[in-house]
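S.K.: I would like the atomic coordinates for the input below:
(chains A and B)
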Amino acid sequence: MAKFTTTEAIEMDISYWGLFFSMLLLLFPLAIFHQLKLQLTRQLFTAFGRMIAQLALIGLWLQFLFQKDNAWLTLLWVLIMLSNAVITLRGRIKFQRRILAPIFFMALGVASLIVLPWLLFVVIRPRPFLAATIVIPIYGMVLGNTMNSCALAMERFEGKLSDNWKAYFTRITLGASHWEAALPAFQQAMHISLLPRLLSIASMGVVSLPGMMSGQILGGASAVVAIKYQMMIMAAIFTSVTIADYLAIRLYLKRRFDQYYLPKGEPRKKP
Amino acid sequence: MKQSEEIPEYPQRDLLRIRIKRLFYEDLELVSDIDLKVSSGEKILLTGSTGSGKSSLLNTLNLMNQNYEGEVLFQGKPVTEYIPQVLRSQIVMVMQEPWLGEGSVSEVLDEALAFCTNKKRLDQDQNQRIHQLFKAFELPADYLQKKADQLSGGEKQRVALIRAMLLQPQVLLLDEVSSALDQTTSGIISDFIFESCGSTVIAISHDPLWQSRWQRRWRIQDGKIHDNGGH
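M.R.: Reported below is the predicted structural model:
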């Protein structure tokens, strides 16, 4: 029997049979679906099937990128990740799609350009600077979180505006600019997007062990290194999320209204 | 087009000039050949059947509607050349069902005064004026602390008018403000408008209490506007 100590770093690979057995755990949810007659069985197979195919492909591709460790290839992959995030976001949002792609590209791009170079050049300082094994996982985490938050913030902002056009119109008829009239909706959207993150950050380590930290420990890093990376990544994600949410809503605000601060594409009021 | 922040000094006559060849609602032509002049302090009633274009016309004056061919001049300058918030702080609209928000009445009034344009233009301390307006509209001063969403319809409308008057507008646009009010409240508002309000008022109203008090009437009928009185 293998002996584990708390200070020893041990890399534990999983065999393919082991992986297969991990999937057998899904028999429990399947049994529950069956008993409750939940129509989720097909979705479960589709979801896990897609996940396995996508991760297998991306695993092969990442292995290739890590072996090559070419700065240009890494940068190209970063750009592809950014474009995919923009396309996914645009697909998720159901309103004003025509104007959204450049807004998301700008918001995610600027947030990435601030956070990623800071982590690489100031914090981690890997050799080489654009080491694929560092850049790609870190950017993946930052971008994934930023994308989800951006979608939520935009939906909330548009929702708050559309639910209460009367508030917006009243403010502009009293001399408010479109910025002043939409500011309460802007504040609420940012609050809704950021508050759960702050609560989750505050509970980290006590209630939950974050994925990155667990992954690093399982991958053989010491707990101290894992904790330092986790703290760094949380600061990076929160900064990136805040910048992207803010920029996306600000840019959207500019495109959403005409020069007289009236919303574009809304039904007109009574004659 | 260059927009300017300044409201120049202007003679009392021709405060507003409305020269609209065709006024639309979406693609539908509602009114044609409008040519009207408004002087400072005039009290004008705008009437017409439902869908005749009353609100559309009123909304052209404060840049809330640009669906027309022609021009609207405020103090000799096209309204489209003003910065929207500068124009709208001078031509203020009060709607039929006013929106006040969820805060206290005091917060409702403060919000409007805190908009950048209004802050620049008006005195910092508006307390005295608020109390005068509360008196004119027969609202107790302690209503300032009351939650706006707990007010009755008539009280809400009076607070909305106080909020508008605090901005000291040159033109007050009223869109059916008294249609859902009891006679007493309607009378209080009517007394204020015709006895104490120095602003030009253009109102859409069907309130019989108000009918005899207007200096001038605009009636929209069969796609034309008929001006009874004035210039």
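S.K.: with adjacent residues omitted, what lies nearest to A:Val123?
M.R.: Among residues not flanking A:Val123 along the chain, A:Met232 sits closest, at 5.9 Å (Cβ to Cβ, 6 or more residues apart in numbering or on different chains). From N, CA and C alone the C-beta is placed, and that goes for glycine too.
S.K.: kindly apply the preceding question to A:Ala181 instead.
M.R.: A:Arg171 (3.7 Å).
S.K.: next, count neighbours for the one you found.
M.R.: Look at A:Arg171: counted by other Cβ atoms under 10 Å in any protein chain shown, it has 25 neighbours.
S.K.: same question, A:Pro210
M.R.: 20.
S.K.: that one against A:Gln230, yeah?
M.R.: Yes - between A:Pro210 and A:Gln230 a contact is recorded at 5.5 Å, counting by Cβ atoms under 8 Å.
S.K.: what touches both of these two?
M.R.: Taking Cβ atoms under 8 Å, 6 or more residues apart in numbering or on different chains as the criterion, A:Pro210 and A:Gln230 both touch A:Met204.
S.K.: now the strand or helix carrying A:Ala235: mean pLDDT?
M.R.: If you go by DSSP states H and E, A:Ala235 is part of helix A:223-256. Per-residue pLDDT over helix A:223-256 has a mean of 92.
S.K.: do the same with stretch B:188-202
M.R.: The average pLDDT within stretch B:188-202 is 89.
S.K.: which stretches of the stretch 1-150 of chain A form helices?
M.R.: Along the stretch 1-150 of chain A, counting by DSSP state H, counting those that start in this stretch, helices occupy A:16-24, A:27-36, A:41-68, A:71-92, A:100-117, A:132-163.
S.K.: show me the residue sitting in the middle of the chain in space.
M.R.: Going with chain A. A:Asn145 (1.9 Å; Cα atoms, centre = their mean).
S.K.: oops, wrong one, chain B.
M.R.: B:Leu173 (1.8 Å).
S.K.: surely it is in contact with B:Val94?
M.R.: Yes - under the criterion of Cβ under 8 Å, B:Leu173 makes contact with B:Val94 at 7.2 Å.
S.K.: for stretch A:25-39, buried residues please.
M.R.: Within stretch A:25-39, the residues scored as buried using 16 or more other Cβ atoms under 10 Å in any protein chain shown are A:Phe33.
S.K.: chain center to it: distance?
M.R.: Here stretch A:25-39 is found 29 Å from its chain centre; the criterion is Cα atoms, centre = their mean, to the nearest Å.
S.K.: rounded mean pLDDT for it, please.
M.R.: On average, stretch A:25-39 scores 95.
S.K.: excluding sequence neighbours, find me the nearest residue to B:Leu174.
M.R.: B:Leu174's closest residue in space is B:Ala203 (Cβ to Cβ, 6+ apart), at 3.8 Å.
S.K.: go on, B:Asp182?
M.R.: In space, B:Asp182 is closest to B:Gly154, 6.1 Å off (Cβ to Cβ, 6+ apart).
S.K.: what of B:Gly198?
M.R.: In space, B:Gly198 is closest to B:Gly41, 6.3 Å off (Cβ to Cβ, 6+ apart).
S.K.: now the residue nearest to the centre of chain A: how far from A:Ala226?
M.R.: Distance from A:Asn145 to A:Ala226, counting by Cβ to Cβ, to the nearest Å: 18 Å.
S.K.: repeat for A:Gly18
M.R.: Distance from A:Gly18 to A:Ala226, by Cβ to Cβ: 23 Å.
S.K.: quick check on these two: which one has the bigger neighbour count.
M.R.: A:Ala226 (21 against 10).
S.K.: one step back: how about the residue nearest to B:Asp182, what does it touch?
M.R.: Applying Cβ under 8 Å, 6+ apart, the residues near B:Gly154 are B:181-182, B:184-185.
S.K.: for the helix or strand bottoming out on mean pLDDT in chain A, list every residue counted as buried.
M.R.: In chain A, no helix or strand scores lower on mean pLDDT, DSSP states H and E than helix A:211-218, which sits at a mean of 78. For helix A:211-218, the neighbour count (16+ other Cβ under 10 Å) marks A:212-213, A:216-217 as buried.
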